[in-house]
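Asker: Provided below are the primary sequence and the corresponding predicted coordinates.
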Amino acid sequence: MSIGVGVPLGNFDPQLSAYLRELARKAVDGSTEDFRVLKHKLANIANATSISGTASETDFSITHTLSRHLYQPGRIFKLEQHGLYTTNTPGTSTGYRFRIKLNASNFIVFTNKAGITDASNVPWSIEATIVVRSIGTSGILVGHGNLIFNTSAGVATVEAARGPATTVNTESTTEIALTTSVQMDDTDGQCDLIDSIFYASDF
């Protein structure tokens with residue numbers, strides 16, 4: 001039976017409708033037992049809390065979780081993030097440092113980037129890929145990412161960075177928090193995370 005796009009589930013057998021709704025719910029929380037047919041996609045529905053200039057590393061308020069139900073050898077997790085930075089008059093931008101972290105540990109680390117002086121709402125973006133090499137109490141994750149950052153008017157600098165092989169207990173019921181942090185030397189500036197999209201591959 002084909003299901004047309006936009007046709008209410010209520011038009012079909014109630015038991016089938018209930019099954020499809022439950023499958024859709026489990027597709028995004030990772031709790032379904034049949035991993036092979038699902039693609040997980042999650043995105044934020046509100047901007048992260050703005051981070052004002054600080055010499056301290058600060059996590060954005062948006063976090064994605066990797067639960068044990070999502071791990072399988074060869075599975076790929078992708079993270080896409082887009083945001084803006086502002087250097088307010090008479091601010092000078094001497095550095096923005098972005099890090100992707102697993103729980104509190106650095107995973108993919110980008111080098112310092114000097115922004116545009118006295119600029120507003122300059123875009124930046126990060127794309128990262130995490131690969132599950134193995135699972136178990138000593139499972140292995142590897143990853144890499146690209147940062148696109150405007151370091152002068154009209155010029156986007158691209159940096160590729162690689163994370164080390166990281167040991168993770170994929171059998172633990174404790175979920176791993178996937179977060180991004182920024183550290184700014186520009187005490188007059190601001191950094192915002194607008195969109196954060198998380199994907200997990202099919203099998």
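Answerer: Arrived safely, thanks for sending. Residues are numbered from 1 along each chain as shown.

Asker: surely residue 134 touches residue 73?
Answerer: Yes. Residue 134 lies in contact with residue 73 (Cβ atoms under 8 Å); the separation is 5.8 Å. (Glycine included, C-beta is placed from N, CA and C.)

Asker: could you tell me which residues touch both of the two?
Answerer: Residues touching both residue 134 and residue 73 (Cβ atoms under 8 Å, 6 or more residues apart in numbering): none.

Asker: in its sheet, what does the helix or strand hosting residue 182 sit against?
Answerer: Residue 182 is part of strand 176-184, with elements assigned from DSSP states H and E. Using DSSP bridges, strand 176-184 pairs in its sheet with strand 58-59 (antiparallel), strand 64-66 (antiparallel), strand 96-102 (antiparallel).

Asker: and these, which one's lowest on average pLDDT?
Answerer: Mean pLDDT per stretch puts strand 64-66 lowest among these, at a mean of 86.

Asker: work out the gap between it and the centre of the chain.
Answerer: 9 Å (Cα atoms, centre = their mean, to the nearest Å).

Asker: so for that strand, what gets flagged as buried?
Answerer: 64, 66 (16 or more other Cβ atoms under 10 Å).

Asker: and residue 193, bridged to which residues?
Answerer: Applying DSSP bridges, one finds that residue 193 bridges with residue 83.

Asker: I'd like the strands paired with strand 176-184 written out as TSV, with distance to residue 197 added.
Answerer: As requested, the strands paired with strand 176-184 are arranged in TSV below (distance: least, Cβ to Cβ, whole Å):
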stretch	distance to residue 197
strand 58-59	18
strand 64-66	9
strand 96-102	14
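
Asker: now for those, which one comes closest to residue 196?
Answerer: Proximity to residue 196 (Cβ to Cβ) singles out strand 64-66 among those, at 7.2 Å.

Asker: quick one: contacts of that closest one?
Answerer: 42, 77, 79, 102, 175, 176, 177, 178, 179, 196, 198.

Asker: ok, stretch 190-202 next?
Answerer: So stretch 190-202 is contacted by 30, 36-44, 47-48, 50-53, 60, 62, 64, 70, 75-86, 88, 96, 178, 180, 182, 184 (Cβ under 8 Å, 6+ apart).

Asker: of those, grab the buried ones for ChimeraX.
Answerer: Applied in ChimeraX, the following selects the buried portion of the contacts of stretch 190-202 according to 16+ other Cβ under 10 Å:
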select :30,38,40,44,47,48,51,53,60,62,64,70,75,77,79,81,82,83,84,85,86,96,178,180,182,184
